[in-house]
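Participant: next comes the sequence, and after it the predicted model I'd like to discuss.
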There are 2 protein chains.
Amino acid sequence: MSQSITIENQIIESLSVRQREVLTAALDLVVEMGDAFTMNAVASRANCSKETLYKWFGDREGLLTATVQWQASKVKIAWPDKQVMDQASYIESLVRFAESWLQVLSGKISIALNRLAVSHEAAAKGLLGSIVLKNGLFAIAERLKPLLEMGRDANFLKFNNSDEAFRCFFGLVVRDMQIRTLLGDEKIKSAVDARKDAKRAVEQFFVLYGTSTDFQRK
Amino acid sequence: MSQSITIENQIIESLSVRQREVLTAALDLVVEMGDAFTMNAVASRANCSKETLYKWFGDREGLLTATVQWQASKVKIAWPDKQVMDQASYIESLVRFAESWLQVLSGKISIALNRLAVSHEAAAKGLLGSIVLKNGLFAIAERLKPLLEMGRDANFLKFNNSDEAFRCFFGLVVRDMQIRTLLGDEKIKSAVDARKDAKRAVEQFFVLYGTSTDFQRK
DNA sequence: CTCATTGCGTACTGTACGGTACAGTACGGA
DNA sequence: TCCGTACTGTACCGTACAGTACGCAATGAG
């Protein structure tokens, strides 16, 4: 039924069940072997023919783009309810957000897709970089900023520029974890304790941007 | 004169002038086209024969490794003198360090090599990732930590774990800049003001780890 | 039953590139 | 002048892989 996919429009929803199976196979292969996967391998893994792959996705780049788009559309980070809350539960929201974020970033799929996008940028081919940026970092930013502004409205936080505040939050949460995982540092993987790191980051964030003196550096 | 290169040992020093020219050509090509460069292109750019490339560097991977090693051995970040100093000049040292670091990280070569190493990690081939880590992030850490400890000894800073302090410093300085450049974000390039970012980062670092009340969040 | 559509499997083509072989050249030393 | 060494340039081989062609089976409509 479903026809060739127009990647430009985000009509990822129009994917048939069978097509999603194919993309799942492609994603698996990307996680396993990065950009070195072959169309033959995808066809064989998905029990479909290459001709079908080309009919549905146009070419290798199209398959890759569809795979990344589709995966990106699935990732949803824990999203706290926007109810009025006291400072303690607000902080807990931030911690949970950061924790969930760290878990996603250190997950196999995120690592694989980020590596893939980075490689493609090096070769100046395709638009995977912007897709990953848009659905990853920028999507996070757009969800976190309102949360930060909510904290400011509630007088828990104090900052002028929410973009600056977000970038600082990013730095405190992620630090060198992402680049180290992308570069294959084995030590970092075992060292990630998402909950603990998230709590520390939020604490430090409140030292920098909190209004309460509870967080003054001791 | 010079013979085949033993990459394992860091005898990069044993490179002849001609070999360095070849590596320069290879590095240029890596910056231009990433991992997509070909041995033919290197030979042609360096005006040498492919046979020479293979004799000197073994295979493509060897050439790549030598190129990365050699470039890494060249990068030296501004390194303040370790004289006794007052807090203001100590802070200025940190700022200069951070500024220089940001400039390196946002430079073409650093971006190209990091992208290259990240791609290779995805394909589980080679050891470029660990080379880049070792000569990049880890080298920085090993230089910065003594500087931080110096600040602690002088009672400007207060922290227990210098590794934690370093990672926090990393986060505050680099933030999302590196991942965004690696993913090809164009906006970030023009937005980097190394001096300003470095000052802000150091200021925030002192709010978190400084002893002086001058840096208490206002 | 017939015919059309869809998609699987396989075999094929074209090409790009890593790696090798070899002929020819420049040069330095005896 | 001869020889050895080190290098260049080019032609070539083998392979891997993107993309295509086609035969075949299943399904479903009329």
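Facilitator: Noted; the coordinates are in hand. Numbers count the residues shown, from 1 in each chain, chains lettered A, B, ... in the order given.

Participant: what's the burial count for A:Leu116?
Facilitator: Residue neighbour count, defined by other Cβ atoms under 10 Å in any protein chain shown, stands at 25 for A:Leu116. To be clear about C-beta, it is placed using only N, CA and C from the backbone, and glycine gets the same treatment.

Participant: what's the answer for the one 5 residues further on, then?
Facilitator: The number of residues packed around A:Glu121, counting by other Cβ under 10 Å, is 26.

Participant: and for A:Lys108?
Facilitator: Per other Cβ under 10 Å, the neighbour tally for A:Lys108 reads 10.

Participant: state the distance from it to A:Val132.
Facilitator: 15 Å (Cβ to Cβ, to the nearest Å).

Participant: ok, now A:Gly34?
Facilitator: A:Gly34 is 14 Å from A:Val132, by Cβ to Cβ.

Participant: which of those two has more neighbours?
Facilitator: Relative neighbour count places A:Val132 above the other of A:Gly34 and A:Val132, with 27 against 22, counting by other Cβ under 10 Å.

Participant: just the element for that one, please.
Facilitator: helix A:128-133 (DSSP states H and E).

Participant: next: A:Leu94.
Facilitator: With DSSP H and E as the test, A:Leu94 turns up in helix A:87-105.

Participant: distance from the chain centre to the helix or strand following that helix, please.
Facilitator: The first helix or strand that comes after helix A:87-105 along the chain, using DSSP H and E, is helix A:108-122. Put simply, helix A:108-122 sits 11 Å off its chain's centre (Cα atoms, centre = their mean, to the nearest Å).

Participant: list the buried residues for helix A:108-122?
Facilitator: The neighbour-count check on helix A:108-122 (16 or more other Cβ atoms under 10 Å in any protein chain shown) flags A:110-122 as buried.

Participant: do that helix and DNA strand C meet at all?
Facilitator: No - counting by Cβ under 7 Å from any atom of the strand, DNA strand C has no neighbours in helix A:108-122; the shortest distance is 14.1 Å.

Participant: identify all contacting residues around that helix.
Facilitator: For helix A:108-122, contacts defined as Cβ atoms under 8 Å, 6 or more residues apart in numbering or on different chains pick out A:27, A:30-31, A:34-35, A:64, A:68, A:71-72, A:75, A:104-105, A:126, A:128-129, A:131-133, A:136, A:178, A:181-182, B:33-36, B:112, B:114-116, B:118-119, B:121-122, B:179, B:182-184.

Participant: at 6 Å what do you get?
Facilitator: Here helix A:108-122 makes contact (Cβ atoms under 6 Å, 6 or more residues apart in numbering or on different chains) with A:30-31, A:34-35, A:68, A:104, A:126, A:128-129, A:132, A:181-182, B:34, B:115, B:118-119, B:122, B:182-184.

Participant: still on that earlier bit, show me what the very next helix or strand once past the helix holding A:Val132 is packed up against.
Facilitator: Following helix A:128-133 in sequence order, the next helix or strand is helix A:139-153 (DSSP H and E). With contacts defined as 3 or more Cβ pairs under 6 Å, 6 or more residues apart in numbering or on different chains; DSSP states H and E, the packing partners of helix A:139-153 are helix A:162-174.
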